[in-house]
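> Have a look at this prediction, sequence included:
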Amino acid sequence: MSNENPLRNEIVTEEKKTKKKKDSASTLGKSKTLLATPYGLWMAAFIIIPLILVLYYGLTDGNGNFTLDNLSLIANPINRKALWLSLKLSLISTAICLLLAYPLALVLKSMKLKDNSFIVMVVILPMWMNFLLRTIAWQNILEKNGVINTILEALHLPALNIINTPTAIVLGMVYNFLPFMILPIYNTLAKIDDNVINAARDLGANGWVTFKRVIFPLSMPGVISGITMVFVPSLTTFAISTILGGSKIVLIGNIIEQQFQKLGNWNTGSGLSIVLMIFILVSMTLVAKYDKDSEGTNAW
Amino acid sequence: MVKKIAGKLYVSLIILFLYAPILVLIVLSFNKSKSRNKWGGFTLEWYQSLFKNDDIMTALYTTLIIAFLSAIIATIIGTAASIGMNSMKKVPRTIMMGVTNIPMLNADIVTGISLMLLFVAVNYTLGFSSVLLAHITFNIPYVILSVMPRLKQTNKNTYEAALDLGASPMKAFFKVVFPDIMPGVISGFMLAFTMSLDDFIITHFTRGAGVNTLSTKIYAETRKGIKPEMYALSTLLFVSVLLLLVIINRRNDSISKKRSM
């Protein structure tokens, strides 16, 4: 990878043969690298330093003395219960999203559309209607006298009572984050060369074996990034649980939000955020691992 | 054949799932009753009173301005960063890409909180500009992730050739490289604009009193009940984007048809 530009390097080294090898990195390349400087500074100021501030608040008490109390507050029954429920609901939603999105991506791939901008459009378009409003619309659909129950009643079927339950929250999570599962999986599937699949079939693999040994492994990077892109926002949401869970169901996101916006307790809020980030870091490590793997196959 | 029909049915069901709440909101925008739960007959009243509602119009204006400015600035910084990172050695590039992934992978709530802590720490008043800075921050990665793949696909030799033929680096870039990465830049801008428009959590933490985007305004209204004008406004927004996309698609189709002729 270090030899990204053999031609330019060759020309430059030939011109500057007398000079030391160090100088052979062309000045052009250097000035191009400078273009990343504003972004580098921006990231340092608005990503790195703010995260350090969260660490600082999370690891100190109100007077600025070092403490681990904020972190251990996660063990308090209310917080522990909220974190546990958040983990459970976000894992369930991630699994449902995967089970819905993968077959969909397979079907879309088999349709062989000319360009995939249509799919991106269909999936992204709902975002132009505010996500809170869309989630509120689910109240209308799920309510006692809502759309679903009206239909069920007309069919003389028993009513569905899921508004203000964890099920409604899972539905809200699946609804809001499904696009983030569909797009990466579809993108990796669409890139798989048909010849690779045909080769597997020619070598005697049946449909299932082809899927298990060829298609699924090749789509793994998309699956992994889909999983993180659904799992992280589900784990940390507070708006979906507020709207669809009534006031009784509290997720870890709700607790952190309250610490900051209602109670003004930044140290506790930061401490709980650090605990959340640890969970996210674990999933990031997984992503990094699979990203590396996929880079290897790309190079091939 | 059966498989094909089943596949199409499945796609339609998912599309129904994604668009059902949107249908509900469109229906609500024509509902005479102020309550979300009752159908009081058809009316266009909310579409008329919408434009007289200063609160909503200000929030709309703030939302659009922030989305537009943050998307433009993020596109410029992000495109420049992509070009710079692309000519970097592997190690610094990997580090930069790693940091780029942080806001993408980190929870929005943590990003929002951390930015709020930053603004407070440096005594920066929370308001319009803090929201704008926050939106630029989470938008840049989307631009980089759209531009980077395009940049990797471009043939470097054409740029070298332009230089050999006497073009200045600037000219070579704008005449040769830029047209190649243009689709990535545009989709990065569109993605950034959409993300900014739909953001609630980060705005919630970085806005000051008195500054409202549509998202934060809606959230404040969730408990007391959403004003019906909000449904009318979001219907208008949705329909205009839909029309715009259909027109763009039609035009692209006719262009490609002409070319193939």
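That came through fine. Numbering: from 1, shown residues only, chains lettered A, B, ... in the order given.
> pretty sure residue B:245 contacts residue A:128?
No: counting by C-beta atoms under 8 Å, residue B:245 sits too far from residue A:128 to count as a contact (9.5 Å). Bear in mind the C-beta positions are built from the backbone N, C-alpha and C, glycine included.
> How is chain A partitioned into domains?
Per automatic domain parsing, the structural domains of chain A span A:1-58, A:72-299.
> Residue B:245 and residue A:128: who's more crowded?
Neighbours were counted for residue B:245 and for residue A:128 using other C-beta atoms under 10 Å in any protein chain shown; residue A:128 has more, 20 against 17.
> tell me which element the closest residue to the more buried one other than its chain neighbours is part of?
For residue A:128, ignoring the flanking residues on the chain, the nearest one in space by C-beta to C-beta, 6 or more residues apart in numbering or on different chains is residue B:241 at 4.6 Å. Element membership of residue B:241 [criterion: DSSP states H and E] is helix B:228-260.
> which helices and strands does the helix or strand hosting residue A:176 pack with?
Element membership of residue A:176, judged by DSSP H and E, is helix A:166-191. Packed against helix A:166-191 by the contact rule (3 or more C-beta pairs under 8 Å, 6 or more residues apart in numbering or on different chains; DSSP states H and E) you find helix A:77-111, helix A:117-124, helix A:131-142, helix A:216-236, helix A:239-244, helix B:2-29.
> quick one, which of those helices is nearest to residue B:170?
Closest to residue B:170 of those, according to C-beta to C-beta: helix A:117-124, at 30.8 Å.
> how about the closest one: buried residues?
A:117, A:119, A:120, A:122, A:123, A:124 (16 or more other C-beta atoms under 10 Å in any protein chain shown).
> Smallest distance to chain A belongs to which residue of the stretch 51-200 of chain B?
Nearest residue of the stretch 51-200 of chain B to chain A: residue B:84, at 2.8 Å (C-beta to the nearest C-beta).
> Pick out the residue nearest the middle of the chain.
All of this refers to chain A. A centroid search over chain A (C-alpha atoms, centre = their mean) returns residue A:229, at 1.1 Å, as the residue closest to the centre.
> Can you look at chain B instead?
Nearest to the mean C-alpha position of chain B, counting by C-alpha atoms, centre = their mean, stands residue B:194 at 1.6 Å.
> Which of the domains of chain A sits closest to residue B:190?
Of all the domains of chain A, it is domain A:72-299 that lies closest to residue B:190, at 8.5 Å by C-beta to C-beta.
> Residue B:238: neighbour count?
Number of residues near residue B:238 (other C-beta under 10 Å) recorded here: 21.
> Next up, the contacts around it.
Contact analysis of residue B:238 by C-beta atoms under 8 Å, 6 or more residues apart in numbering or on different chains lists A:125, A:128, A:129, B:22, B:26.
> got the buried residues for the helix or strand containing residue B:192?
Using DSSP H and E, residue B:192 maps to helix B:178-198. Buried residues in helix B:178-198, defined by neighbour count with 16+ other C-beta under 10 Å: B:181, B:184-185, B:187-198.
> mind listing what's buried in the helix holding residue B:241?
So for helix B:228-260, counting by 16+ other C-beta under 10 Å, buried means B:228, B:229, B:230, B:231, B:232, B:233, B:234, B:235, B:237, B:238, B:241, B:245.
> could you dump the residues you listed to CSV with pLDDT?
CSV is the format used below for these (pLDDT from 0 to 100):
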residue, pLDDT
B:228, 88
B:229, 90
B:230, 90
B:231, 91
B:232, 92
B:233, 92
B:234, 91
B:235, 93
B:237, 90
B:238, 91
B:241, 88
B:245, 83
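> Without its sequence neighbours, what residue ends up closest to whatever residue of the stretch 1-150 of chain A ends up closest to chain B?
Of all residues in the stretch 1-150 of chain A, residue A:36 sits closest to chain B, at 2.8 Å by C-beta to the nearest C-beta. Excluding the flanking residues, the one nearest residue A:36 by C-beta to C-beta, 6+ apart is residue B:84, at 2.8 Å.
> The one you found looks like it's in a helix, true?
Yes: using DSSP: H, G, I helix; E, B strand; the rest coil, the assignment for residue B:84 is a helix.
> Check the burial of it by counting its neighbours.
Neighbour tally, residue B:84, other C-beta under 10 Å: 23.
> my guess is it meets residue A:39, correct?
Yes: assessed by C-beta under 8 Å, residue B:84 is found in contact with residue A:39 at 7.4 Å.
> can stretch A:260-279 be found next to chain B?
Yes: counting by C-beta under 8 Å from any C-beta of the partner chain, chain B is contacted by stretch A:260-279 at A:260, A:261, A:266, A:269, A:270, A:273, A:276, A:277.
> Show me what counts as buried in that stretch.
For stretch A:260-279, burial by neighbour count (16+ other C-beta under 10 Å) applies to A:260, A:265-277, A:279.
> Can you get me the start-to-end distance on stretch B:123-130?
11 Å (C-alpha to C-alpha, to the nearest Å).
> What residues does residue B:188 make contact with?
B:74, B:75, B:78, B:79, B:142, B:143, B:144, B:145, B:146, B:147.
> Touching, the last one and residue B:84? I think so.
Going back to what we said before, that points to residue B:147. No: under the criterion of C-beta under 8 Å, residue B:147 makes no contact with residue B:84, lying 11.2 Å away.
> still on that earlier bit, between the contacts of residue B:188, which is nearest residue A:137?
Using C-beta to C-beta, the contacts of residue B:188 come closest to residue A:137 at residue B:142, 25.9 Å.
> Low-confidence ranges, the stretch 101-250 of chain A, go.
Within the stretch 101-250 of chain A, the segments meeting pLDDT under 70 span A:114-116.
> Distance from the helix holding residue B:241 to the middle of the chain?
Here helix B:228-260 is found 16 Å from its chain centre; the criterion is C-alpha atoms, centre = their mean, to the nearest Å.
> so what's the backbone phi/psi at residue A:76?
phi -70, psi 140 (degrees, to the nearest 10).
> So what's the residue count around it?
11.
> That one and residue A:83, how far apart?
10 Å (C-beta to C-beta, to the nearest Å).
> Kindly report the same for residue B:202.
22 Å.
> circling back: just the angle between the helix holding residue A:176 and helix A:77-111, please?
Helix A:166-191 runs at 40 degrees relative to helix A:77-111, counting by axes from the mean of the first three to the mean of the last three C-alpha atoms, to 10 degrees.
> and after helix A:166-191, which helix or strand comes next?
helix A:194-202.
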